[in-house]
Every structure is written in structure tokens, then in C-alpha cells.
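Novice: would you be able to build a 3D model of this:
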Amino acid sequence: MFPPLLSAGAGRIYGPEAAGGPIMEETGKIVGNFKEALPGEYEGVVFLQFRNYTSDGRSKLCTGTLIAPEAVLTAGHCIFNLSSAYSKKDYALYPQEIAVWAGVAYSSAPVAGDPRAARIIADGALAAKWHPAWQGGGAYDAVDMGLILLRPGAAGGITPYALNRQAPEIGRQGIIAGYGSTKKGKGPVKNIGSTRLRGVNARMINIGGDSSICSGDSGGPLFVENAGQLFAAGVASRTSFDCDTGSGAETRVDTKLEWLDSVLAEWRQN
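Specialist: Residues are numbered from 1 along each chain as shown. This is a model prediction of the structure:
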């Protein structure tokens, strides 16, 4: 059995003011054995701020992965989540309210010259789409995947990650990355962990072992390595409510390539 879906609005409210309102944090971080990313490390893993998520102007956060110079891969429930206790807002209708940050640590008041400080690379997106089998969630076979289109040149010199185009191998090691609060008031921080691919079906990859995902990592990548290169093989989608290190599940990338490739091709043409 795959564990229950992360609620994209679930979690505590925490303090720092961001442009567009305080952030609604999705409790926690990568759990188990993890490390904080170094400046410039996994730079293509980005922090997503969805502004005005609630009527009082609060934002929610997710993680995303640059898979093209102007495209970010994330979870469908980050863009639109009908099960959220806070808001049913569909950001496919409001892409201009999505901000994308690159760097290690988000802060509403970054220290000048701090190499860890996150910076906005896109203050508003051009478009956002969720997989047509997502529809806000709910159905047992919903595909928890979404894409965000940035303006040309937004990513600057950040190198995007290639999509995994091979069937994932059960038992192999993977790498997970995502933003979460390591200390209340310090803001989201990019953490990295190793994990193991424990099971696979047509839609999902079960992960666990040394580390796994928690709700602050929603939409973040599962990387697998081939010939010394990292490929995005999964999108952080599900875990247990206590974020047990054996309970993470990722939406599988290689079986969704037709949709991903078609959207990316459409966006390039436009």
C-alpha cells in the first residue's frame, strides 16, 4: 500500500513576513539522516512560494526542480489541492502569484553577502499546469504532478536536470532534496538525503531507508544517478502522517514523459 497523500496546506503557521505575506509552512523537512545543502549545491532544486493562498494573504511553500531553463517540475497538489484544509485555490488560474527562489535558505531579511541566502529568480510565473489525471486529487489513480513556466532567462546560469527515461530499479539508491524549516523562525532550508527505492508501480515509487520526505518537501525531486549524472525520477507526493522514514512515495516521472514532453514542447513553441 502507498501511504496517504500529503496535504499541501497542512501544517503550522510560522512567523517571518515574506513579500506577499507570511509563509504557511508544511511541517517539517527531510527526515532521517540528512544534510543542509552547500551554497551552489543542487542549485536546480528551487523553493516555491504560492502567494495569497489564504484570504489574509498568507503563502504556502513547496519544492520544485528545474527540468528546462524556463520550466519547474513539482507536485500537482502544490498547484491545486481540493483536500487542503486552508484553501482550494488553483494556481493554474493564478500563475502570476507563484514566486520561485533559488539558494539554500529563505529569509524575509537576508544578510547581505550571505552565500546561503535564497534569491527570487521568478517573481510570478507565466503559466502553471497540473497533470490532467490530477484534477485537484481525490481519485485513487490521480497523478500528482505539475509544471510551472517561467519567463525566458529567469533561471540565469542554473543548470536544469534531465528527466529520467528508464524504469526505476527496486533496491537502488536515490537522492532526495527539499526545503523545510530546521528551526522555528529560521525559514525554509534546502536539505539533502539519501534513500532507497523500495517499490514501484505504474504511478509511484516507494522510498525509505536512511532518509525520506516530510510535507515541507512536497514537489521536490527524487534523483537517480546514471553514468555520473543525476536524473529526476520522482516527485515528492506522499508520506505517513508522522513522516516515517520508510513511508515516502514519489510520483514516477518515466511513465509520465508523454505529458511532460508535450507541455514543454508547447511552451517552447509559444
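
Novice: can you get me a residue count around Thr255?
Specialist: For Thr255, the neighbour count with other C-beta atoms under 10 Å is 16. Where C-beta positions appear, they are placed from N, C-alpha and C, glycine not excepted.

Novice: again but with Ala139, I slipped
Specialist: Ala139: 10 neighbours (other C-beta under 10 Å).

Novice: which ones are touching it?
Specialist: The contact partners of Ala139, taken as C-beta atoms under 8 Å, 6 or more residues apart in numbering, are Ala133.

Novice: so how far is Gln49 from it?
Specialist: 28 Å (C-beta to C-beta, to the nearest Å).

Novice: tell me the helices in the stretch 151-270 of the chain, going along the chain?
Specialist: Using DSSP state H, counting those that start in this stretch, the helices of the stretch 151-270 of the chain run over 257-269.

Novice: what stretches of it score poorly on pLDDT?
Specialist: 180-187, 215, 240-242, 246 (pLDDT under 70).

Novice: let's see that with 80 instead.
Specialist: For the stretch 151-270 of the chain, applying pLDDT under 80 flags the ranges 180-187, 210-216, 239-247.

Novice: burial count for Tyr91?
Specialist: Neighbours around Tyr91, by other C-beta under 10 Å: 25.

Novice: hang on, isn't it packed against Ile98?
Specialist: Yes - using C-beta atoms under 8 Å, Tyr91 is in contact with Ile98, at 5.8 Å.

Novice: mutual contacts of those two, please.
Specialist: With C-beta under 8 Å, 6+ apart, Tyr91 and Ile98 have common neighbours Phe50, Ala128.

Novice: Leu264 versus the residue nearest to Gly156 when sequence neighbours are not counted, what's the distance?
Specialist: Excluding the flanking residues, the one nearest Gly156 by C-beta to C-beta, 6 or more residues apart in numbering is Ile121, at 6.6 Å. Using C-beta to C-beta, one gets 18 Å for the distance from Ile121 to Leu264.

Novice: the more surrounded of these two?
Specialist: Comparing Ile121 with Leu264 by other C-beta under 10 Å, the one with more neighbours is Ile121, at 21 against 18.

Novice: quick one: residues contacting Gly64.
Specialist: Gly64 touches Val45, Val46, Phe47, Leu48, Val72, Leu73, Thr74, Cys78, Val100, Ile148, Gly219, Gly220, counting by C-beta under 8 Å, 6+ apart.

Novice: just Ile170 next, same as before
Specialist: Leu197, Arg198, Gly199, Val200.

Novice: looking at these, which are in strands?
Specialist: Leu197, Arg198, Gly199, Val200 (DSSP state E).
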